[in-house]
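Participant: Here is my input; please provide its structure:
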Amino acid sequence: MSFGETYVGEALSDHSLLRYFMSNGDTPGSIFIATDTFNMCHPSCESMSWVIEGDVWAATSATVTITPSSRDIQQIVPVPTQATHLRASLTRQSIVAVTGHQEQQARQARGILTFYNLAEFPQTIPAGTMATGTSGTSVITNMTAIVPAGNPPAEGSVDIPAYASRSGASGNLAAGDIWLTPCCANIAINGVVVSNPFAFTGGLDAARYRVVSQHDVDAAAPVLETALEPAVQDTLQQQVPARSQLSTPPQCTSTTHATPPVGSRAEQVEVLVTEVCQALAYDQDVVLQTAVDQFMTENLKQPRRGYKLFPLHAQIVGISVSDQGSARLSCTVLAQGRWVYQFGQDQLARLKQQLAGLTTAQAQAMLHKEPGVGQVTMQLSGGDTFPTESSQITLLVVPLSA
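Facilitator: Numbers count the residues shown, from 1 in each chain. So this is what the prediction gives:
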């Protein structure tokens, strides 16, 4: 068909369209819808072509959902904070039978013999001089000594160390068991008598008896420690202030005490374990909010035109003690945020006007050139092209603040 010709044909059905596209270079011409007969004329066109397509209708409504452009950022934020020092202590004890043994060698009792000289001249008491008490136990001097001369009515006297002649407890003479006995059992010294004014002690029979061993203490202590640890940590946890938490697991130490001590002769020993736990508690919410505030303040110093910064997430990634004495902590926080493009009402109104009458392909191309547009989805009802009235077009913007 050439320019200026007349088309004559049957009337088109309700669901058929005959489109004529007139072109002048790359510029599209007018669209005409054929009826029974028509004559096409366009003063500016040099040539004309026509095609018959399927059903093409303008939609009665359209909804466009826009996901705005966004950019996620993150930053390490150091936050010093004041902590609370916590301390808890608990003690538990148990009584266990001792298992240690010790061999006791027999020992001689020892004491002092007092010799009295009634003669008016000094007399010598040789080492090894023996005296026997009324109990039948004999004791022996272990050094030579001279008894001064007597001066009636006073007598001279000297104290000489002595030991029991036999080892064992039988040598423990009571005070006065030897009393003014003539000297002596193995040697005669005229004018000299002997007494033991004080008891002889320290005599022991040979024996094997039980003693507290280190093994007894070491076996009982871990059982007590195992029972103590959760209990003392629970006590510590009860001290944590409201809305606070421990900065690190509690640091616990235990001490063990045995009564009687290791090496003592006993049938039983009481093992006592004391566990002390300490920790620092801090308010995590305060730390995180402080980090977010610092993060927002720092990044808003360099704003992005058309974008708004939203905080996304903050996480404590490290904690260290900066001053144990004053309970100061240094927290390291990973803060994350998102710059999100903000569409204004004027921009959205303009976009609705520009979308009117466009095909979906044209609309996609146009929107993706628009600042702030990330992703686009479209839904048309009752047609293949956007409505020609912008009031029939709805634009939805997906919120990306969170």
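Participant: Mind listing residues that contact the host helix or strand of residue 255?
Facilitator: Assigned by DSSP states H and E, residue 255 belongs to strand 251-259. With contact meaning C-beta atoms under 8 Å, 6 or more residues apart in numbering, strand 251-259 is reached by 212, 216-217, 221, 225, 228-229, 232-233, 269-279. Every C-beta, even on glycine, is put in place using the N, C-alpha and C of the backbone.
Participant: I'd like to know how many residues surround residue 132.
Facilitator: 17 (other C-beta atoms under 10 Å).
Participant: Repeat that for residue 98.
Facilitator: The burial count for residue 98: 22, using other C-beta under 10 Å.
Participant: I figured it hits residue 215, correct?
Facilitator: No: using C-beta atoms under 8 Å, residue 98 makes no contact with residue 215, being 9.5 Å away.
Participant: Contacts only, for the residue nearest to residue 173 when sequence neighbours are not counted.
Facilitator: Leaving aside its chain neighbours, residue 173 sits nearest to residue 200 (4.1 Å; criterion: C-beta to C-beta, 6 or more residues apart in numbering). For residue 200, the contact set (C-beta under 8 Å, 6+ apart) comprises 109-111, 139, 162, 164, 171-173.
Participant: swap in residue 315?
Facilitator: Contacts of residue 315 (C-beta under 8 Å, 6+ apart): 333-334.
Participant: Residue 360 too?
Facilitator: So residue 360 contacts 378, 380, 385-386 (C-beta under 8 Å, 6+ apart).
Participant: Distance check, residue 107 against residue 165.
Facilitator: Distance, residue 107 to residue 165, by C-beta to C-beta, to the nearest Å: 13 Å.
Participant: Quick one: low-confidence residue ranges for the protein.
Facilitator: Residue ranges of the chain with pLDDT under 70: 1-56, 401-402.
Participant: Pop out the phi and psi values for residue 221.
Facilitator: phi -60, psi -50 (degrees, to the nearest 10).
Participant: Quick one: neighbours of it, just the number.
Facilitator: 19.
Participant: again, but for the one 10 residues further on
Facilitator: When neighbours are counted by other C-beta under 10 Å, residue 231 registers 14.
Participant: quick one, what contacts it?
Facilitator: So residue 231 contacts residue 90 (C-beta under 8 Å, 6+ apart).
Participant: which ones are touching residue 371?
Facilitator: Contacts of residue 371 were listed using C-beta under 8 Å, 6+ apart, and they are 69, 306, 341.
Participant: change it to 10 Å
Facilitator: By C-beta atoms under 10 Å, 6 or more residues apart in numbering, the residues touching residue 371 are 69, 305-306, 341, 343, 347.
Participant: can you put those in a markdown table and add neighbour count, distance to residue 196 and secondary structure?
Facilitator: A markdown table is the format used below for the contacts of residue 371 (neighbours: other C-beta atoms under 10 Å; distance: C-beta to C-beta, whole Å; DSSP: H, G, I helix; E, B strand; the rest coil):
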| residue | neighbour count | distance to residue 196 | secondary structure |
| --- | --- | --- | --- |
| 69 | 17 | 112 | coil |
| 305 | 6 | 113 | coil |
| 306 | 16 | 114 | coil |
| 341 | 22 | 112 | strand |
| 343 | 18 | 116 | coil |
| 347 | 16 | 121 | helix |
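Participant: Which residues belonging to stretch 118-129 are considered buried?
Facilitator: Buried positions in stretch 118-129, judged by neighbour count with 16 or more other C-beta atoms under 10 Å: 118-119, 123, 125, 129.
Participant: Kindly check the end-to-end length of it for me.
Facilitator: With C-alpha to C-alpha, to the nearest Å as the measure, stretch 118-129 spans 18 Å from end to end.
Participant: how about the helices of this protein, start to end?
Facilitator: Counting by DSSP state H, the chain has these helices, from start to end: 214-237, 284-299, 345-355, 360-368.
Participant: can I get these in CSV with distance to residue 310?
Facilitator: What follows is the helices of the chain, written out as CSV (distance: least, C-beta to C-beta, whole Å):
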stretch, distance to residue 310
helix 214-237, 36
helix 284-299, 9
helix 345-355, 20
helix 360-368, 23
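Participant: Determine which of the ones you listed approaches residue 246 most closely.
Facilitator: helix 214-237 (7.7 Å; C-beta to C-beta).
Participant: From the chain's centroid, how far away is the lengthiest strand in the chain?
Facilitator: When the chain is parsed with DSSP state E, its longest strand is strand 307-323. Distance, stretch centre to chain centre, for strand 307-323: 18 Å (C-alpha atoms, centre = their mean, to the nearest Å).
Participant: C-alpha coordinates for that strand, PDB please?
Facilitator: Taking Å, rounded to 0.1, in the frame of the first residue of the first chain, the C-alpha atoms of strand 307-323 are listed here in PDB:
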ATOM      1  CA  TYR A 307      20.000   9.500  50.800                       C
ATOM      2  CA  LYS A 308      19.200   9.000  54.500                       C
ATOM      3  CA  LEU A 309      21.400   6.900  56.800                       C
ATOM      4  CA  PHE A 310      19.700   4.200  59.000                       C
ATOM      5  CA  PRO A 311      21.400   2.200  61.700                       C
ATOM      6  CA  LEU A 312      21.100  -1.500  61.000                       C
ATOM      7  CA  HIS A 313      23.000  -3.500  63.600                       C
ATOM      8  CA  ALA A 314      25.600  -3.200  66.300                       C
ATOM      9  CA  GLN A 315      27.600  -6.100  67.800                       C
ATOM     10  CA  ILE A 316      30.300  -6.200  70.500                       C
ATOM     11  CA  VAL A 317      33.200  -8.100  69.000                       C
ATOM     12  CA  GLY A 318      35.800  -7.600  71.700                       C
ATOM     13  CA  ILE A 319      36.100  -6.700  75.400                       C
ATOM     14  CA  SER A 320      39.300  -6.000  77.400                       C
ATOM     15  CA  VAL A 321      40.000  -4.600  80.800                       C
ATOM     16  CA  SER A 322      41.600  -1.200  80.600                       C
ATOM     17  CA  ASP A 323      41.900  -0.600  84.300                       C
END
